[in-house]
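Enquirer: sequence plus the predicted model coming up.
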Amino acid sequence: QLPLVESGGGLVQSGGSLRLSCAVSEFTLAYYNVGWFRQAPGKEREGVSCISYGGGAIQYADSVKGRFAISRDTARNMAFLQMNSLKPEDTGVYFCAIVETPGSACEIDPRVYAFWGRGTQVTVSS
């Protein structure tokens with residue numbers, strides 16, 4: 001079993017919603033920052049959102065603020081990304097990633113994350 005597995009992607013019309021899940025095994029999620037990232041064809045991977053291991057710090061990319069919400073359930077060792085008001089430019093492969101860090105903040109820079117899932121495809125039609 002892979003340590004991080006994303007699910008919940010799919011094809012949705014513009015304005016629709018999806019909820020992505022990230023199931024984490026081999027790690028205790030309560031000790032790790034979680035980030036969500038996406039990569040569109042021909043583009044670099046970009047940060048979407050993150051939540052600190054304590055849950056006290058959350059960040060969003062400007063492009064998704066007010067539309068996406070990150071959360072986690074440490075009892076189930078899962079993280080989620082609720083995506084509302086989806087736009088065609090949200091299309092891409094979405095990845096979750098985790099990193100163990102002593103700080104109380106989180107970053108949406110993919111370079112700082114240590115462990116990654118394989119991604120789930122999100123396609124938003126216009």
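Expert: Good, I have the coordinates.

Enquirer: list the contacts of the closest residue to residue 100 other than its chain neighbours.
Expert: Nearest residue to residue 100 in three dimensions, chain neighbours excluded: residue 32, at 5.2 Å (CB to CB, 6 or more residues apart in numbering). In short, each C-beta sits where N, CA and C put it, glycine included. Residue 32 makes contacts with 24, 53, 98, 99, 100, as judged by CB atoms under 8 Å, 6 or more residues apart in numbering.

Enquirer: which element is residue 42 on?
Expert: Using DSSP states H and E, residue 42 maps to neither a helix nor a strand.

Enquirer: pLDDT value on it, please?
Expert: For residue 42, the model assigns a pLDDT of 94.

Enquirer: do residue 58 as well
Expert: Residue 58 is given a pLDDT of 97.

Enquirer: neighbours around it, how many?
Expert: Neighbourhood size, residue 58 [other CB atoms under 10 Å]: 14.

Enquirer: where do the strands of the protein begin and end?
Expert: Assigned by DSSP state E, the chain shows strands spanning 4-7, 10-13, 18-24, 33-39, 46-51, 58-60, 68-73, 78-83, 92-99, 115-116, 120-125.

Enquirer: any chance of these in CSV, plus distance to residue 107?
Expert: Putting these into CSV (distance: least, CB to CB, whole Å) gives the following:
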stretch, distance to residue 107
strand 4-7, 18
strand 10-13, 28
strand 18-24, 17
strand 33-39, 7
strand 46-51, 6
strand 58-60, 7
strand 68-73, 13
strand 78-83, 15
strand 92-99, 9
strand 115-116, 15
strand 120-125, 22
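
Enquirer: looking at those strands, which is nearest to residue 108?
Expert: Of all the strands of the chain, it is strand 46-51 that lies closest to residue 108, at 2.8 Å by CB to CB.

Enquirer: which residues sit against the closest one?
Expert: 33-39, 57-61, 64, 68, 70-72, 79, 81, 94, 106-110.

Enquirer: check contacts around the residue nearest to the spatial centre of the chain.
Expert: Closest residue to the average C-alpha location of the chain: residue 36 at 2.2 Å, with CA atoms, centre = their mean. Going by CB under 8 Å, 6+ apart, residue 36 touches 20, 22, 47-50, 70, 79, 81, 94-97.
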